[in-house]
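Colleague: I'll drop the sequence and a predicted model, then ask my questions.
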Amino acid sequence: MQILFYLALAVTVFCTVTLLMAPVLLRPAPEVQRVLDVTASKYTEERQALGEEELRERLLKLAHAFRARLGLAENVKLNARLVAAGMRDAGTPDFFFAAQFLLPLLLAFAGSFISDNTVFWVLALAVVGYMVPDFWLTMRTNKRKERIRKSMPDAMDLLVICVDAGLGLDQALLRVGSELAISHGDISQEFAQVHLAQRAGQPRLEAWQSLADRTKIEEFQAFVSMLAQTDRFGTPVTKALGRFSEELRLKRRQRAEEAATKTKIKIIFPLVLCIFPCIFIVLLAPAILIVAGGMSGMGGN
């Protein structure tokens, strides 16, 4: 029996050492490994891209078919909100509709497992599920507007530089959009949309007005008004752009000062509710304990 035990132990140790040494002993040459890594990564990325594209197409077809089966037409206001949020794909409204329809059902199904007040939780979670996509879309739109608003002074400065260098306003717009593609991608997309609209034959002021209506940003409305006055009165575009850029930077500085002023008021509530009680406890607790101890001693006497 001992011989069998030692034989099994030897076989186990041999197999373990072999498995541990196999990656080292069977490792291919560095050149072969490099070729394998390149080809594997390339094929893997292509397969992943194809798989994601096929899955996306299937989901789009299902959502569109489900929407057509219910006989619901496209909502123009919803499409405008999606465009303002930066989602311009043709299948985005179908995805949003599917999320707004299926999420309440899923939450209502989850609420049915709550034993107490089941009907209330089912209805409440269904309402929450219906409102969550709309709330998310509003937040995404507001954040995108804020990013565009913050990037406008830099874009206007680059427009002024390009126009001063001799470029036309349309060529300067295209150049600024390409320069801001990495740092300010949202405003770069909007500039590219304006350029495509102008290439399609839309007049310049109409293209800019469409941008202002699409983003609903006051600075773009003021920019369109400035361009209209420039064309009407023959004012040099360079001076108008420079003055407009200075106004944008002044407004941004004023908004920063306003936000800094509001922080003085906003910080009162954390001070009163969180910091002051701790300070009072640290300062007054020893005195209260001493007084309580003294009074207890007097009562004992």
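Modeller: Received, thanks.
Colleague: Need the nearest residue in space to residue 230, chain neighbours excluded.
Modeller: residue 240 (5.0 Å; Cβ to Cβ, 6 or more residues apart in numbering). Using the backbone N, CA and C atoms, a C-beta is placed for each residue, glycine as well.
Colleague: quick one: the one you found from residue 229, how far?
Modeller: Distance, residue 240 to residue 229, using Cβ to Cβ, to the nearest Å: 8 Å.
Colleague: These two: who's more crowded?
Modeller: The neighbour comparison of residue 240 against residue 229 (other Cβ atoms under 10 Å) goes to residue 240, with 18 against 12.
Colleague: Have a look at the protein and report its longest helix.
Modeller: Looking across the chain with DSSP state H, the single longest helix is helix 118-164.
Colleague: so how far is residue 186 from the residue nearest to the spatial centre of the chain?
Modeller: Nearest to the geometric centre of the chain sits residue 140, at 6.2 Å (Cα atoms, centre = their mean). Remark: distance between residue 140 and residue 186 (Cβ to Cβ) = 11 Å.
Colleague: shared neighbours, the two?
Modeller: Common neighbours of residue 140 and residue 186 (criterion: Cβ atoms under 8 Å, 6 or more residues apart in numbering): residue 86.
Colleague: check which helix or strand covers residue 80.
Modeller: Taking DSSP states H and E as the definition, one finds residue 80 inside helix 76-84.
Colleague: tilt between that helix and helix 118-164?
Modeller: 50 degrees (axes from the mean of the first three to the mean of the last three Cα atoms, to 10 degrees).
Colleague: If we go by neighbour counts, what in helix 76-84 is buried?
Modeller: Across helix 76-84, burial judged by 16 or more other Cβ atoms under 10 Å covers 78, 81, 82, 84.
Colleague: Hmm, the second one is touching residue 137, no?
Modeller: Spelled out, that is residue 81. Yes - shown here, residue 81 and residue 137 form a contact pair, counting by Cβ atoms under 8 Å, at 6.0 Å.
Colleague: any residues in contact with both of the two?
Modeller: With Cβ under 8 Å, 6+ apart as the test, residue 81 and residue 137 reach no residue in common.
Colleague: rewinding a little: the residue nearest to the centre of the chain: what's it in contact with?
Modeller: Contacts were defined as Cβ under 8 Å, 6+ apart; by that measure residue 140 touches 85, 86.
Colleague: Report pLDDT for it.
Modeller: Here the pLDDT value assigned to residue 140 is 89.
Colleague: any idea how far it lies from residue 147?
Modeller: Residue 140 is 11 Å from residue 147, by Cβ to Cβ.
Colleague: what's the answer for residue 77, then?
Modeller: 23 Å.
Colleague: now do residue 116
Modeller: 44 Å.
Colleague: who's more crowded, the two?
Modeller: Taking neighbours as other Cβ under 10 Å, residue 116 and residue 147 compare with residue 147 leading, 15 against 6.
Colleague: next structured bit after the helix or strand hosting residue 172?
Modeller: For residue 172, the host element (DSSP H and E) is helix 169-179. Counting by DSSP H and E, the next helix or strand C-terminal to helix 169-179 is helix 185-199.
Colleague: which residues sit against whatever helix or strand comes next after that next one?
Modeller: Downstream of helix 185-199, the next assigned helix or strand under DSSP H and E is helix 204-215. Outside helix 204-215, the residues that touch it by Cβ under 8 Å, 6+ apart are 80, 83-84, 145, 148, 169-170, 190, 193-194, 197-198, 202, 220-221, 223-224, 227-228, 231.
Colleague: Cool, thanks, signing off.
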